[in-house]
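Asker: Kindly generate the corresponding structure for this input.
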Amino acid sequence: MIETGAKKQSMKRRHLRIYRKRREKKTLILILICILLIGIAAAERIGYIDMEQFISDKQEAIPYQKVSKTAEENTEKYYYRQLPEEQKQVYREILEGVRNHTEEIYVHDTDADETNQIFRKLMKDQPDIFWCDGTATATTHKGTESYTVLKPKYFYTAKESQTMQTEITQVAAKWLAGLDADADEYQKILYVYEKIVDEVDYDESAPDNQNIYSIFVNRQSVCAGYSKATQYLLEQLGVFCTYVTGKTTEGGKPCMESGEVQRRLLLR
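Answerer: Purely as a prediction, here's the structure:
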């Protein structure tokens with residue numbers, strides 16, 4: 001009986017040690033599992049942030065048109081001066097893109113209609129741009145950062161435009177060479193007016209009649225060509241001039257046909 005009792009007591013102590021070891025082992029395993037889960041969660045969180053940042057960076061990598069010209073270079077342009085600052089940036093982006101014959105111009109604007117309006121105003125300010133007329137399609141893309149893509153319609157390639165620009169520059173320089181070096185503002189305006197009228201015929205069927213190439217090279221144009229050429233030359237002479245459009249309300253003849261367009265200059 002005594003031996004059996006001792007065995008039972010020994011077995012009880014053994015079972016108790018095994019139970020304690022198992023409990024300690026379970027506790028240790030639980031602690032390790034907790035540590036592991038915390039580590040995994042942290043790693044996943046870091047990875048998620050990195051991935052989120054990566055995706056965000058990708059979304060924000062919009063290829064906006066880079067601008068090399070300074071804002072001051074357009075301060076004498078009438079329509080540019082009327083724009084609020086944020087639209088002036090869009091103006092400069094479009095101008096840079098058009099001068100480079102960029103097919104898709106990414107601008108900081110969230111309204112396609114507004115972008116088109118800015119483009120049309122730009123064309124009134126820049127008479128030397130003859131390779132497009134302000135016709136374009138604009139698409140606004142909404143997202144984390146909204147933007148607009150402008151696709152102008154170009155009539156000539158960059159290479160063709162460069163050749164044509166050289167022709168225009170040579171003729172314009174030749175025409176202005178006849179102006180008295182001491183001419184005042186009025187004399188400059190009168191000289192440009194008479195020079196264009198003497199050198200160019202009015203012809204509604206003339207090619208390129210909406211731009212200055214028709215004036216300086218083809219010598220045949222309509223009111224748009226006359227007006228832009230006048231603006232182009234007067235700006236070279238330092239005389240402020242802008243291009244104004246409008247509509248007749250009583251079916252009258254356009255101002256150019258009545259010989260008045262050259263007198264209707266907007267002067268400072």
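
Asker: ok, Ala181 to Lys188 distance?
Answerer: 11 Å (C-beta to C-beta, to the nearest Å). Heads up, the C-betas are built off the backbone N, CA and C, glycines and all.

Asker: Likewise for Ile105?
Answerer: Taking C-beta to C-beta as the measure, Ile105 falls 35 Å from Lys188.

Asker: got the contact list for the spatially closest residue to Gln65 that is not a sequence neighbour?
Answerer: Excluding its sequence neighbours, the residue lying closest to Gln65 (C-beta to C-beta, 6 or more residues apart in numbering) is Glu93, at 4.1 Å. With contacts defined as C-beta atoms under 8 Å, 6 or more residues apart in numbering, Glu93 is in contact with Tyr64, Gln65, Val67, Ile105, Tyr106, Val107, His108.

Asker: so where does Glu93 fall, helix or strand?
Answerer: Using DSSP states H and E, Glu93 falls within helix 85-99.

Asker: Which elements pack onto the very next helix or strand once past that helix?
Answerer: Sequence order places strand 105-107 as the next helix or strand after helix 85-99, per DSSP H and E. Applying 3 or more C-beta pairs under 8 Å, 6 or more residues apart in numbering; DSSP states H and E, one finds that strand 105-107 contacts helix 85-99, strand 147-152.

Asker: what's the spacing between Glu73 and Val197?
Answerer: Counting by C-beta to C-beta, the gap from Glu73 to Val197 is 31 Å.

Asker: ok, now Glu72?
Answerer: Glu72 sits 34 Å away from Val197, taking C-beta to C-beta as the criterion.

Asker: Those two: which has the busier surroundings?
Answerer: Each of Glu72 and Val197 has its neighbours counted (other C-beta atoms under 10 Å); Val197 has more, 13 against 7.

Asker: And stretch 207-216, what's buried?
Answerer: Asp208, Asn209, Gln210, Asn211, Ile212, Tyr213, Ser214, Ile215, Phe216 (16 or more other C-beta atoms under 10 Å).

Asker: Then stretch 137-149?
Answerer: Ala138, Thr140, Tyr147, Thr148, Val149.

Asker: Now Lys121, what are its backbone angles?
Answerer: The phi/psi pair for Lys121 (degrees, to the nearest 10) reads phi -70, psi -40.

Asker: can you check Lys247 too?
Answerer: Main-chain dihedrals, Lys247, degrees, to the nearest 10: phi -130, psi 140.

Asker: Can you read off the pLDDT for it?
Answerer: Note for Lys247: predicted pLDDT of 76.

Asker: about what we covered before: neighbour count: Ala181 and Lys188, which is higher?
Answerer: Between Ala181 and Lys188, Lys188 has the larger neighbour count (other C-beta under 10 Å), namely 19 against 4.

Asker: Give me the buried positions along whichever strand or helix holds that one.
Answerer: Assigned by DSSP H and E, Lys188 falls within helix 185-199. Across helix 185-199, burial judged by 16+ other C-beta under 10 Å covers Lys188, Ile189, Tyr191, Val192, Tyr193, Lys195, Ile196.

Asker: The third one contacts Trp175, doesn't it?
Answerer: No. Counting by C-beta atoms under 8 Å, no contact exists between Tyr191 and Trp175, whose distance comes to 9.1 Å.

Asker: so where's this protein uncertain?
Answerer: Counting by pLDDT under 70, the chain has low-confidence residues at 1-60, 250-268.
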